[in-house]
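Novice: Sequence first, then the predicted structure:
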Amino acid sequence: MAFLTLEDLKISFNLFCVVYGIGTLGMPANYARAGYYWATAAVFLMAAINLYSTVCVSKVMLAAPKYVKTYGDMGEWVYGKPGRYITTLSQLLVCCMVPIAFLVLGGSLLDVLFPMTFKPETWIILMAITLLPICMMPSLKESAGTAAAGALGTLLADFVAIYVLLSSMDNIPAGLSPPKPALSFDGVTSVFGNLSLGYSAGVVIPALQREHTQPERMPRVILFTLGVCSVLFLFISLTGVHNVGCQIPGNLLFAITGTKLGFSAPRGGIVLAFLFMQLHCSIAFAVILFPTFYIFERITLGFHKQNFTLEPEADYHDIETPIDAEKQAEALEAKASEDKPIIYATRRDYLKACVMRIVQVSICTVIAIIWKDHFNDLLNFVGASSTAMGCMILPVLFHLKTFRKTMGLVEKVCSIAIILIISFLAVYVSIQTGKALFTPTDPDPTIIFPYCPAEYQKMVYTNTTYYSK
């Protein structure tokens, strides 16, 4: 049998589209903060932990009854109602915080694309307004085409930005090398948040695995896909930091704008890279925010109750229990209607849902305006808090509980070590980035490159005239 079948590749493609997003923009900055050795070690460690934790989700799904369909179902099946609440809360935080990051990034991108028109705050509001009609749709089934456009937008934006950066920084004077970062514990641990966000795959595995006719092949698909993503993360990190060192900005796209690095990039390259990333933001915003719509409509309006209960399906039965023809008909009817879009009972219900969604988007917009100058801190906070919980800690806990009787001692020890290490990093980095978000301080305007030693913080290292003084 082939290593990957055509169906495997389709699932792999959809998983890649979910994983490969805005988290890639901060990958080079990880090396600017932690240096080559620590940052590379962090990439390999996080890749190993996330590959294992994501496979854990697949293995628990394989062991669970067939009526366990969603990530929340899995949480309830393993740990009861508290498991569903914690799982849903972590997913809810991701689905709320990431769209805020999209608005912050989108406002900054539009401000650069159309200079001297509106302030970033205005662009954030305008972007939210343009995305509002999509958010008003009753449901949004993410198609392969939509996912492809979103992932392709990020991929092209990254590669265009890297090409422009390398080609613009190729005239480094002889004898100079990019400066190394001023290493600190905070700097090294801060890469955890960005890497966590880059590997946020666990919550989508149940949905993808349900679509596979041979779900037992999913662990192989996961290892292959996340392995490819890890190689791309490493490539983007190393090429992005190669000629710049610790002076690479926290956002790869902003490395090619302005004059901080001593060059003026071709306007065409900047426009292409920014438009590609704007495409990703526009597509992913609604796709990621829709689960929060359904959750809040369930909590506040009482809609979609069938999506928040864990009950055996009509066609689920024990092997020794016969099923009559009437139940078979009911099962086929339920299965046929399973993938139909969400339908609201009345126009009044739909109107209530629209008002609720407008309120949610408005709240996201207000927060985005408040945090518009803290994009990197926002990404790290989301990754360290909700993504770490939902995509690393919970999957390993579920796997440990499900297979505790058959799991080897070494794997148990490794699982407990993963939970302890990730929990410590999640709490520590969440506190550190949370301070920057909730109690921000005015930075020193003369410090342009904060990750570098003092002598390289105020001027690009290629300016030999400045450093000769």
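Specialist: Everything's here; your move. Everything quoted here is computed from the prediction, not taken from an experiment.
Novice: Do a quick rundown of the strands in the stretch 351-469 of the chain.
Specialist: Here the stretch 351-469 of the chain has no strands by DSSP state E, counting those that start in this stretch.
Novice: same question but for the chain, I mixed them up
Specialist: Assigned strands in the chain: none (criterion: DSSP state E).
Novice: what's the single longest helix in it?
Specialist: helix 71-113 (DSSP state H).
Novice: ok now it, how far from the chain's centre?
Specialist: 9 Å (C-alpha atoms, centre = their mean, to the nearest Å).
Novice: which helices and strands sit right next to it?
Specialist: helix 27-63, helix 120-135, helix 205-211, helix 267-296, helix 347-370, helix 375-382, helix 394-402 (3 or more C-beta pairs under 8 Å, 6 or more residues apart in numbering; DSSP states H and E). Every C-beta, even on glycine, is put in place using the N, C-alpha and C of the backbone.
Novice: Next, the angle from the first one to helix 375-382.
Specialist: Angle, helix 27-63 to helix 375-382, by axes from the mean of the first three to the mean of the last three C-alpha atoms, to 10 degrees: 20 degrees.
Novice: elements contacting helix 27-63?
Specialist: Using 3+ C-beta pairs under 8 Å, 6+ apart: helix 27-63 touches helix 71-113, helix 185-189, helix 191-198, helix 205-211, helix 218-241, helix 394-402, helix 409-438.
Novice: looking at those, which is closest to residue 35?
Specialist: helix 185-189 (8.1 Å; C-beta to C-beta).
Novice: in that closest one, what's buried?
Specialist: 187-189 (16 or more other C-beta atoms under 10 Å).
Novice: how about the residues you listed in CSV, adding pLDDT?
Specialist: Putting those into CSV (pLDDT from 0 to 100) gives the following:
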residue, pLDDT
187, 86
188, 89
189, 90
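Novice: Show me which of the residues you listed is closest to residue 11.
Specialist: Of those, the one sitting nearest to residue 11 (C-beta to C-beta) turns out to be residue 189, at 33.7 Å.
Novice: Test my guess that that closest one contacts residue 428.
Specialist: Yes - with contacts counted by C-beta atoms under 8 Å, residue 189 reaches residue 428, the gap being 6.1 Å.
Novice: show me where pLDDT drops low in the stretch 201-350 of the chain?
Specialist: Residues of the stretch 201-350 of the chain that meet the criterion pLDDT under 70 lie in 304-343.
Novice: that older thread, and the helices and strands packed on helix 27-63, which one is worst for confidence?
Specialist: Comparing mean pLDDT over the helices and strands packed on helix 27-63, the weakest stretch is helix 205-211, at a mean of 82.
Novice: CA atoms only for that one, dumped as CSV, please.
Specialist: The C-alpha coordinates for helix 205-211 follow below in CSV (Å, rounded to 0.1, in the frame of the first residue of the first chain):
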residue,chain,number,x,y,z
ILE,A,205,-8.4,16.6,14.0
PRO,A,206,-11.8,15.2,15.0
ALA,A,207,-13.6,17.0,12.1
LEU,A,208,-10.9,15.9,9.6
GLN,A,209,-10.8,12.3,10.9
ARG,A,210,-14.6,11.9,10.6
GLU,A,211,-14.2,12.6,6.8
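Novice: just so I know, which of the helices and strands packed on helix 27-63 lies nearest residue 151?
Specialist: That would be, of the helices and strands packed on helix 27-63 and by C-beta to C-beta, helix 218-241, which comes in at 10.3 Å.
Novice: Flag every buried residue along the closest one.
Specialist: Buried, per 16+ other C-beta under 10 Å, within helix 218-241: 218-222, 224-226, 229-230, 232-234, 236-241.
Novice: what angle do it and helix 27-63 make?
Specialist: Going by the same axes, to 10 degrees, helix 218-241 makes 180 degrees with helix 27-63.
Novice: so where's the stretch 1-150 of the chain shaky on pLDDT?
Specialist: For the stretch 1-150 of the chain, the ranges with pLDDT under 70 are 1, 139-145.
Novice: ok, now with 80
Specialist: Along the stretch 1-150 of the chain, segments meeting pLDDT under 80 span 1-2, 14, 17-18, 95, 138-148, 150.
Novice: Verify the stated contact: residue 255 with residue 242.
Specialist: No - here residue 255 does not reach residue 242: they are 11.8 Å apart, not a contact under C-beta under 8 Å.
Novice: who has more neighbours, these two?
Specialist: More crowded of residue 255 and residue 242, by other C-beta atoms under 10 Å: residue 255, with 26 against 16.
Novice: centroid residue for the chain?
Specialist: residue 197 (4.3 Å; C-alpha atoms, centre = their mean).
Novice: For that one, which residues are in contact?
Specialist: 22-23, 98, 379-380, 382-383, 387 (C-beta atoms under 8 Å, 6 or more residues apart in numbering).
Novice: and those, which are buried?
Specialist: The neighbour count (16+ other C-beta under 10 Å) marks 22-23, 98, 379-380, 382-383, 387 as buried among the contacts of residue 197.
Novice: wait, residue 12 sits on residue 226?
Specialist: No - at 9.6 Å, residue 12 does not count as touching residue 226 under the criterion of C-beta under 8 Å.
Novice: how many neighbours does the nearest residue to residue 401 once chain neighbours are set aside have?
Specialist: Distance criterion C-beta to C-beta, 6 or more residues apart in numbering; nearest residue to residue 401, sequence neighbours excluded, is residue 78 at 5.3 Å. When neighbours are defined as other C-beta under 10 Å, residue 78 has 21 of them.
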